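Novice: The sequence isn't on hand, but the structure is:
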């Protein structure tokens, strides 16, 4: 079976994934396993009956599934074995997870204070699993649920219907390595110091991976780390894939999304079933292959998608729009260079965007299969699921490609959260609060019952969709923390991005971001910009007139002065001081 035909999935019925279809195993295998399961079920039922008789307790009986599905029934097993170089035997049967009885006086892997209280009906009865679905170079509107008229993302759209979609979620630095270390540490780039992929200054015991491991979680990382650090093999399960779309492994041709998917499913299969888990499925897609003129290489079976669609051309994809950028944006600017790679002709723009969307749909399909696996294991309703990405992407807006700069296309990224603790009234809603990637670490840790470190700069986002009694039940007597978490949410944030290589390549940029106005500052040039996001959401009309043909109104000057002052206040707080701060 080729990489383009094989699918890592196990489902009871046909599940359509884009143009793909996942079928049941062959009849002979099904009969064999049905027989084995029947024997197992009969023995188990006999045991339960005798136990209930001895205890004289017949008021309620645990439901036993009428069929147990095993990996061996399906072609997906071949794919998983090839991904790892291991045989196909020993695959765990997929039954509904049953709670183990607790021995009085036994010590849990989780601290007693972090155990959910029985008083809160919305909290699960055991520590939550945490699944992070983390894509690359994927901006906020590359979702059907976000109103994109072209891209098809049915599984992520369904996740949004079952959770909350955050429409104003942003990153504090829009580039892979900075954003990813912010995820791992909960720190701004200027605090964690990873301004290049080779730099790693964060103590490993101050990362979510180590903190979750020490709290008893089985911890995994699948896919892209985005940074060179010496601790990768310290997690319980680790497979790094980065920088490629198609390659050969062990005589088989793999697509990177297919490989990410297979490794994630292998993690879920082989994890110890008596421990909660955390896994970061860090897809390399939809990142381009740098240096390959084709840029985006989707899987063969996806090539029929979007053939007849016409991708809208951004209104700012013009030379005039590029010239309205600051004067130091010249021909050597990397954003302009990559625009020439991808978007400098209408034909190229259509081809590139269709392949980009195909890769997004492939990630969506993989997310659907991973979530289906959780359902088959009986863990879906005890798992916090987060879908988000490391940074946005220019799709020719302003005559640019890729990321880095403070524009909306670059800094706004999707965020969908499905949480077993979610207040029923919030399920299927959208939230327009400013959530940030610095919030991911405290949200993940808090879900595991772990207090975020004092140095972590974000906040637990679950306060935006849980009830106050539920929060107070979780935190108990920690009144100071409860008060902080329930305090009004942020209405602005500071953005930063370091210079990369030179000022004419990728200049440093900073910003104060609000919903109505955005203030840009280019520190190497002392260059300011101000945009009215209500009147000018595409950020094409700078309110600061350098031609002096008109003067700023008194009202606009007041806005500029106030935002400039607040910008410097936050900049100094974040970059100059080292004291802990929660933003």
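Specialist: Noted; the coordinates are in hand. This is a predicted model, so every value here is computed, not measured. Residues are numbered from 1 along each chain as shown.
Novice: mind listing the strands for the stretch 201-350 of the chain?
Specialist: With DSSP state E, counting those that start in this stretch applied, the stretch 201-350 of the chain shows strands at 218-223, 237-240, 246-249, 252-255, 277-282, listed in chain order.
Novice: Any chance of CSV for these, columns mean neighbour count?
Specialist: (Glycine included, C-beta is placed from N, CA and C.) Formatted as CSV, the strands of the stretch 201-350 of the chain follow (neighbours: other C-beta atoms under 10 Å):
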stretch, mean neighbour count
strand 218-223, 25
strand 237-240, 17
strand 246-249, 14
strand 252-255, 20
strand 277-282, 25
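Novice: Need those in a markdown table (columns: mean pLDDT and distance to residue 197).
Specialist: Shown next, in a markdown table, are the strands of the stretch 201-350 of the chain (pLDDT from 0 to 100; distance: least, C-beta to C-beta, whole Å):
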| stretch | mean pLDDT | distance to residue 197 |
| --- | --- | --- |
| strand 218-223 | 98 | 15 |
| strand 237-240 | 98 | 13 |
| strand 246-249 | 94 | 20 |
| strand 252-255 | 96 | 23 |
| strand 277-282 | 98 | 14 |
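Novice: What I need now is those written out in JSON lines, including distance to residue 409 for each item.
Specialist: JSON lines is the format used below for these (distance: least, C-beta to C-beta, whole Å):
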{"stretch": "strand 218-223", "distance to residue 409": "24"}
{"stretch": "strand 237-240", "distance to residue 409": "28"}
{"stretch": "strand 246-249", "distance to residue 409": "27"}
{"stretch": "strand 252-255", "distance to residue 409": "26"}
{"stretch": "strand 277-282", "distance to residue 409": "22"}
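Novice: Run through this structure and note the low-pLDDT ranges.
Specialist: In the predicted model, the chain carries pLDDT under 70 at residues 1-125, 469, 471-486, 547-551.
Novice: which one's the longest helix in it?
Specialist: helix 346-376 (DSSP state H).
Novice: What residues sit buried inside the next helix-or-strand element following that helix?
Specialist: Next in sequence after helix 346-376, counting helices and strands by DSSP states H and E, comes strand 383-389. Within strand 383-389, the residues scored as buried using 16 or more other C-beta atoms under 10 Å are 383-389.
Novice: What's the end-to-end length of stretch 237-255?
Specialist: 21 Å (C-alpha to C-alpha, to the nearest Å).
Novice: can you give me the helices in the stretch 201-350 of the chain?
Specialist: With DSSP state H, counting those that start in this stretch as the criterion, the stretch 201-350 of the chain has helices at 208-214, 256-270, 319-323, 334-342, 346-376.
Novice: Look at residue 160 and tell me its secondary structure.
Specialist: helix (DSSP: H, G, I helix; E, B strand; the rest coil).
Novice: which residues touch it?
Specialist: Applying C-beta atoms under 8 Å, 6 or more residues apart in numbering, we find residue 160 in contact with 143, 145, 416, 428.
Novice: Could you do residue 292 as well?
Specialist: residue 245.
Novice: Can you get me a residue count around residue 442?
Specialist: 24 (other C-beta atoms under 10 Å).
Novice: wait, it sits on residue 186?
Specialist: Yes - using C-beta atoms under 8 Å, residue 442 makes contact with residue 186 at a distance of 6.0 Å.
Novice: okay, and the common contacts of those two?
Specialist: By C-beta under 8 Å, 6+ apart, the residues touching both residue 442 and residue 186 are 452, 456, 458.
Novice: Relative to residue 311, which of these is nearest.
Specialist: residue 458 (34.6 Å; C-beta to C-beta).
Novice: quick one: that closest one from residue 148, how far?
Specialist: According to C-beta to C-beta, to the nearest Å, residue 458 stands 27 Å off from residue 148.
Novice: In the stretch 351-500 of the chain, mark out all the strands, start to finish.
Specialist: Counting by DSSP E, counting those that start in this stretch, the strands of the stretch 351-500 of the chain are 383-389, 394-395, 401-402, 415-418, 429-431, 493-497.
Novice: Give me the buried stretch members for stretch 328-337, please.
Specialist: 329, 333-336.
Novice: so where does residue 521 fall, helix or strand?
Specialist: strand 517-522.
Novice: Likewise for residue 190?
Specialist: Element membership for residue 190 (DSSP H and E) is helix 189-192.
Novice: returning to that earlier point: just so I know, which of the strands of the stretch 201-350 of the chain lies nearest residue 359?
Specialist: Nearest of the strands of the stretch 201-350 of the chain (C-beta to C-beta): strand 252-255, 9.1 Å.
Novice: Tell me the secondary structure at residue 570.
Specialist: Residue 570 ends up helix, using three-state DSSP.
Novice: quick revisit: more neighbours: which of residue 458 and residue 148?
Specialist: Using other C-beta under 10 Å as the criterion, residue 458 and residue 148 rank with residue 458 on top: 23 against 16.
Novice: what about that one, distance to residue 527?
Specialist: 29 Å.
Novice: same deal with residue 374?
Specialist: For residue 374 relative to residue 527 (C-beta to C-beta), the value is 48 Å.
Novice: what's the answer for residue 241, then?
Specialist: 39 Å.
Novice: you'd agree residue 505 is up against residue 331?
Specialist: No - taking contacts as C-beta under 8 Å, residue 505 lies outside contact range of residue 331: 11.2 Å.
Novice: secondary structure element for residue 528?
Specialist: With DSSP H and E as the test, residue 528 turns up in strand 527-532.
Novice: Note down every partner strand of that strand and its orientation.
Specialist: Here strand 527-532 is paired, per DSSP bridges, with strand 517-522 (antiparallel).
Novice: who has more neighbours, residue 241 and residue 527?
Specialist: residue 241 (20 against 16).
Novice: Looks like the more buried one contacts residue 257 (just checking).
Specialist: No - between residue 241 and residue 257 there is no contact under C-beta under 8 Å: 9.5 Å.
Novice: what touches both of those two?
Specialist: residue 284.
Novice: still on that earlier bit, export the buried residues of stretch 328-337 as TSV, with columns for distance to residue 248.
Specialist: TSV is the format used below for the buried residues of stretch 328-337 (distance: C-beta to C-beta, whole Å):
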residue	distance to residue 248
329	40
333	36
334	31
335	33
336	35
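Novice: and which of these is nearest residue 522?
Specialist: Looking across the buried residues of stretch 328-337 and measuring by C-beta to C-beta, the closest to residue 522 is residue 329, at 9.8 Å.
Novice: That closest one reaches residue 336, doesn't it?
Specialist: Yes - with contact defined as C-beta under 8 Å, residue 329 reaches residue 336; the gap is 6.8 Å.
Novice: shared neighbours, those two?
Specialist: Common neighbours of residue 329 and residue 336 (C-beta under 8 Å, 6+ apart) are residue 322.
Novice: Let me see the contact set for residue 439.
Specialist: 458-461.
Novice: re the thing from before, which one of the buried residues of stretch 328-337 is nearest residue 166?
Specialist: residue 335 (26.2 Å).
Novice: out of everything not next to it in sequence, what's closest to the closest one?
Specialist: Nearest residue to residue 335, sequence neighbours excluded (C-beta to C-beta, 6 or more residues apart in numbering): residue 400, at 3.9 Å.
Novice: for that neighbour, what are its contacts?
Specialist: Per C-beta under 8 Å, 6+ apart, neighbours of residue 400: 322, 335-336, 338-339, 394.
Novice: now, the most widely separated pair of these?
Specialist: Farthest apart among those - using C-beta to C-beta - are 322 and 338, which lie 12.8 Å from each other.
Novice: I'm done for today, thanks for sticking with me.
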